[in-house]
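Novice: Pasting the sequence and the predicted model now:
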Amino acid sequence: MEKKIRVLMAKPGLDGHDRGAKVVARALRDAGMEVIYTGLRQTPAMVAEAALQEDVDVIGISILSGAHMALVPRILEELQQRGIGDMPMFVGGIIPPDDVPALKEMGIREVFGPGTRTEAVVTLIHQILGQ
């Protein structure tokens, strides 16, 4: 039996809006993936620890608060401290286009904005994992 792709969907920071994260999580489940959703208001350490404990293949971060340039580096640092700094990660939410190159330079595989079709996220994950 083939191992299911495991995706951690996380909502770091004080952002209280999770509709987009839940829509993406459902689409990933519908595509046959196993999704672990952290819930709201996670710290970077909590996100990294969940990724480690749940043995996920990919991390999806949803940020609508504008704190992405503060939170993403801290999450990456926490992943590095846990020995999983090479964990593929994508970000979705309200991200100004000017911030996208900096996020990608940090190692973020893709940045998805409002209106992105869920199929694009599924395709990205398959590309990342070579499937």
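Specialist: It's in. Numbers count the residues shown, from 1 in each chain.
Novice: Where does pLDDT dip in the protein?
Specialist: Along the chain, the parts satisfying pLDDT under 70 run over 1, 131.
Novice: so where do the strands sit in it?
Specialist: 6-10, 34-37, 58-63, 89-93, 110-112 (DSSP state E).
Novice: which of those strands is buried the deepest?
Specialist: strand 58-63 (a mean of 26; mean count of other C-beta atoms under 10 Å). All C-beta atoms are positioned from the backbone trio N, CA, C, and that covers glycine.
Novice: Need the residues that contact that strand.
Specialist: 5-13, 15, 18, 20-21, 24, 28, 47, 51, 68, 71-72, 75, 79, 87-95, 121, 125, 128-129 (C-beta atoms under 8 Å, 6 or more residues apart in numbering).
Novice: Among these, name the ones in helices.
Specialist: Among the contacts of strand 58-63, DSSP state H puts 20-21, 24, 28, 47, 51, 68, 71-72, 75, 79, 121, 125, 128 in helices.
Novice: Distance check, residue 89 against residue 121.
Specialist: Counting by C-beta to C-beta, to the nearest Å, the separation of residue 89 from residue 121 is 12 Å.
Novice: on that earlier part again, hmm, which of the contacts of strand 58-63 are the buried ones?
Specialist: 5-13, 15, 18, 20-21, 24, 28, 47, 51, 68, 71-72, 75, 79, 87-93, 95, 121, 125, 128 (16 or more other C-beta atoms under 10 Å).
Novice: Contacts only, for the closest residue in space to residue 119 that isn't next to it in sequence.
Specialist: With C-beta to C-beta, 6 or more residues apart in numbering as the criterion, residue 119 has its nearest non-adjacent residue at 7.7 Å, and that residue is residue 27. Contact analysis of residue 27 by C-beta under 8 Å, 6+ apart lists 118, 119, 121, 122.
Novice: Which member of the residues you listed is positioned nearest residue 105?
Specialist: For the contacts of residue 27, the residue nearest residue 105 by C-beta to C-beta is residue 121; the value is 21.0 Å.
Novice: Contact partners for that closest one?
Specialist: For residue 121, the contact set (C-beta under 8 Å, 6+ apart) comprises 24, 27, 28, 60, 90, 92, 112.
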